[in-house]
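Novice: sequence unknown, structure follows:
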Ligand code: ADP
Ligand code: ZN
């Protein structure tokens, strides 16, 4: 079988062809411009590849409600050119009705890890990406969790650290996880990019305080069996151990499970060498084929 995979991001589009075992045969990356420019280039890539299905992990928010008139659309994105763009429809039309699986980029990554990576075999897991924004994909009872929309847990509203005078970057909530802990918030608070602050202990302690707080809440609500932390900010190697300490501190012994005793296996980095998004898109395509 040949499966098309598209990781549709705000800055670049990664297109690949792989198969049902998670093998990736080829890939290209093109910049994200206006849909009128970018989508024809994507279609051009996929149209002669003889793929059996296409999966798309897409920046959001997107409409995942199959009974909605705008199912498969990108909806209220701040990227105005893409607002209410019919993603699924554009590819279905150009690829002659091929099955097109569709979900958020981070749900795709969560599925990629759950199918071929570090959360394989677990019914309940969370994948979080901490980069330009914060995204979360939740696998619950073996399926990606959707709802009236899809979870937007990157915007969990947090308690500020008493010593933090930064007001928060999110235009909607200011002090949500994304507003306090995504890459741009770090840069705005400290006046330098995260990568230039590697030796500043206080930066990563505060970062861990916010990520740890969010994880504690997620553990209480969703009881995941493992949590994967990805995204550019997690490239700071000193951060992960600080996050684990903070989770322990904030839960204060309340949850007693073997997972909580072995946090090194419980709160982990991604395992698929940055292929989790593309692999997740393959899984989305396979699931769509199965639906028929
Ligand atoms: P995106 O979220 O745009 O897909 P990334 O996950 O790479 O991309 O996130 C980019 C953000 O992460 C930027 O704000 C950047 O400053 C920050 N970042 C990237 N690499 C590092 C690093 N090694 N250390 C700290 N912050 C980083
Ligand atoms: Zn927010």
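Specialist: Thanks, I have the structure now. Quantities reported herein were computed from a predicted structural model and do not represent experimental measurements. Ligands and ions are numbered 1, 2, ... in the order given.

Novice: now what about stretch 255-266, what contacts it?
Specialist: 219-220, 225-227, 244, 247-248, 251 (Cβ atoms under 8 Å, 6 or more residues apart in numbering). C-beta here means a position set from N, CA and C on the backbone, and glycine is covered the same way.

Novice: Which single one of those residues is nearest to residue 125?
Specialist: residue 226 (4.9 Å; Cβ to Cβ).

Novice: What is the burial count for the closest one?
Specialist: A count of neighbours around residue 226, defined by other Cβ atoms under 10 Å, yields 19.

Novice: partner residues bridging it?
Specialist: residue 125 (DSSP bridges).

Novice: How about the contacts made by it?
Specialist: Residue 226 makes contact with 118-119, 122, 125-126, 259, 265-268, according to Cβ under 8 Å, 6+ apart.

Novice: Quickly check these for the two that are furthest apart.
Specialist: Taking Cβ to Cβ, the two most distant members of these are 126 and 265; they sit 14.5 Å apart.

Novice: quick one: which of the two has more around it?
Specialist: Under the neighbour definition other Cβ under 10 Å, residue 126 and residue 265 were set side by side, and residue 126 has more, 26 against 12.

Novice: Am I right that that one is in contact with residue 221?
Specialist: No. Using Cβ atoms under 8 Å as the test, residue 126 is too far from residue 221 to be in contact (10.2 Å).

Novice: hang on, the earlier thing: so which of the contacts of stretch 255-266 is the closest to residue 134?
Specialist: Proximity to residue 134 was ranked across the contacts of stretch 255-266 by Cβ to Cβ; first place goes to residue 227, at 13.3 Å.

Novice: burial measure for that closest one, as a count.
Specialist: The burial count assigned to residue 227 is 22, neighbours taken as other Cβ under 10 Å.

Novice: Verify the contact between it and residue 215 for me.
Specialist: Yes. The pair residue 227 and residue 215 qualifies as a contact (Cβ under 8 Å) at a distance of 6.2 Å.

Novice: Now list whatever residues contact both of those two.
Specialist: Any residue near both residue 227 and residue 215 by Cβ under 8 Å, 6+ apart counts here, and that gives residue 267.

Novice: so where do the strands sit in the stretch 151-292 of the chain?
Specialist: Listed in chain order, the strands of the stretch 151-292 of the chain (DSSP state E, counting those that start in this stretch) span residues 226-230, 267-268.

Novice: Now tabulate those strands in JSON lines and tack on distance to residue 32 and mean pLDDT.
Specialist: Shown next, in JSON lines, are the strands of the stretch 151-292 of the chain (distance: least, Cβ to Cβ, whole Å; pLDDT from 0 to 100):
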{"stretch": "strand 226-230", "distance to residue 32": "20", "mean pLDDT": "98"}
{"stretch": "strand 267-268", "distance to residue 32": "29", "mean pLDDT": "98"}
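
Novice: Noted, bye for now.
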